[in-house]
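Colleague: Build me a model from this:
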Amino acid sequence: MASTKVKAVIISSKDYKEKDKLLTLFTLEQGKMTAFMRGVRGEKAKLKAAKEVFSFGEFIIENTKGFNIVTQVEVIDSFFGLTKDLDKFYEGCAILDIVNKVSSQESDPALFIELLKCLKALCYSQVNKYYCIDKFLIKVFENIGYSFITNKCSSCKITLSGKKYFNIDIGEFVCAGCKTDTCLPVSDVCYSALKLLSGVDYDKLPTLKIGGNGEKECFHLLEKNFEWRMGQRFCSIPSV
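Modeller: So this is what the prediction gives:
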């Protein structure tokens with residue numbers, strides 16, 4: 001019976017059988033993996049406090065007959081505060097779903113660290129809605145090779161000024177002269193917000209001031225870009 005210790009965040013947790021849980025873990029060492037927690041939904045279960053989404057800790061996992069079984073957990077942070085604020089909870093769930101959809105069974109330390117920084121900012125800071133997920137999506141795109149926030153048109157290379165467009169087909173900004181049928185208009189407020197969010201650290205997000213619903217426009221643009229690039233949608237955030 002092989003035993004493995006991993007640092008992991010629970011990104012999905014589903015009831016299984018009478019008292020078990022089926023977890024999707026995003027681990028530092030091995031990327032995404034599925035594991036069971038046996039009897040964890042019972043009143044006196046030892047691992048009861050470590051069975052929910054957002055929980056971050058050190059997991060001991062044993063492989064028994066081809067199944068991963070969580071036998072021990074040392075919780076480092078449950079990010080419990082996210083369950084007390086509906087807006088933060090939905091935003092956090094969307095962030096976990098993004099990780100679930102972009103991660104694989106290979107280690108991705110950059111994404112793992114980015115996830116922890118994002119959850120910490122979302123949970124413990126007085127940060128405006130959309131700021132954390134916008135920042136996280138920008139970093140996710142950078143991590144997979146789509147660093148698209150620049151001052152120049154991706155086609156003709158002139159400095160962007162006046163009307164700006166996002167070419168959803170190539171995932172980059174273009175000027176009015178290079179606009180095609182696959183381009184989406186981008187307001188100055190949205191473009192400025194993307195640049196601000198791209199250049200600031202998570203711990204500075206609470207001090208950031210984005211006007212004109214720029215952060216919401218950013219979210220919808222990034223959401224469309226994710227769907228186009230990945231071929232699938234992540235769970236969205238209620239607008240009210």
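
Colleague: domain parsing for this protein?
Modeller: The chain is divided into the following domains under automatic domain parsing: 2-77, 80-230.

Colleague: Make TSV out of those and add distance to residue 237.
Modeller: Backbone N, C-alpha and C define where each C-beta goes, glycine included. Converted to TSV, the domains of the chain look like this (distance: least, C-beta to C-beta, whole Å):
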stretch	distance to residue 237
domain 2-77	16
domain 80-230	5
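
Colleague: and those, which one is worst for confidence?
Modeller: The stretch with the lowest mean pLDDT among those is domain 2-77, which comes in at a mean of 90.

Colleague: Name the residues of stretch 177-197 that are buried.
Modeller: The neighbour-count criterion (16 or more other C-beta atoms under 10 Å) identifies 178-179, 183, 186, 189-191, 193-194, 196-197 as the buried residues of stretch 177-197.

Colleague: Now, these that are in helices?
Modeller: Within these, residues falling in helices by DSSP state H are 189-191, 193-194, 196-197.

Colleague: Could you identify the longest strand within this protein?
Modeller: For the chain, the strand that runs over the most residues, judged by DSSP state E, is strand 2-16.

Colleague: That strand: partners in the sheet, and parallel or antiparallel?
Modeller: With DSSP bridges as the test, strand 2-16 is paired with strand 20-27 (antiparallel), strand 56-64 (antiparallel).

Colleague: So which bits of the last one are buried?
Modeller: Residues of strand 56-64 classed as buried: 56-57, 59, 61 (neighbour count, 16+ other C-beta under 10 Å).

Colleague: try the first one
Modeller: Within strand 20-27, the residues that qualify as buried are 20-21, 23-27, counting by 16+ other C-beta under 10 Å.

Colleague: follow-up on the earlier one: possible to save the buried residues of stretch 177-197 as JSON lines with distance to residue 219?
Modeller: Below are the buried residues of stretch 177-197 laid out as JSON lines (distance: C-beta to C-beta, whole Å):
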{"residue": "178", "distance to residue 219": "25"}
{"residue": "179", "distance to residue 219": "23"}
{"residue": "183", "distance to residue 219": "19"}
{"residue": "186", "distance to residue 219": "13"}
{"residue": "189", "distance to residue 219": "13"}
{"residue": "190", "distance to residue 219": "10"}
{"residue": "191", "distance to residue 219": "14"}
{"residue": "193", "distance to residue 219": "10"}
{"residue": "194", "distance to residue 219": "10"}
{"residue": "196", "distance to residue 219": "14"}
{"residue": "197", "distance to residue 219": "10"}
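
Colleague: secondary structure element for residue 96?
Modeller: Secondary structure assigned from DSSP states H and E places residue 96 in helix 86-102.

Colleague: Next, the angle helix 86-102 makes with the longest strand of the chain.
Modeller: Between strand 2-16 and helix 86-102, the angle comes out at 130 degrees (axes from the mean of the first three to the mean of the last three C-alpha atoms, to 10 degrees).

Colleague: just how off-centre is strand 2-16 within its chain?
Modeller: The chain centroid and the centroid of strand 2-16 are separated by 17 Å under C-alpha atoms, centre = their mean, to the nearest Å.

Colleague: what's the burial count for residue 108?
Modeller: Counted with other C-beta atoms under 10 Å, residues neighbouring residue 108 total 21.

Colleague: Could you report the neighbour count for the closest residue to it other than its chain neighbours?
Modeller: Excluding its sequence neighbours, the residue lying closest to residue 108 (C-beta to C-beta, 6 or more residues apart in numbering) is residue 31, at 5.9 Å. Residues near residue 31, counting by other C-beta under 10 Å, number 18.
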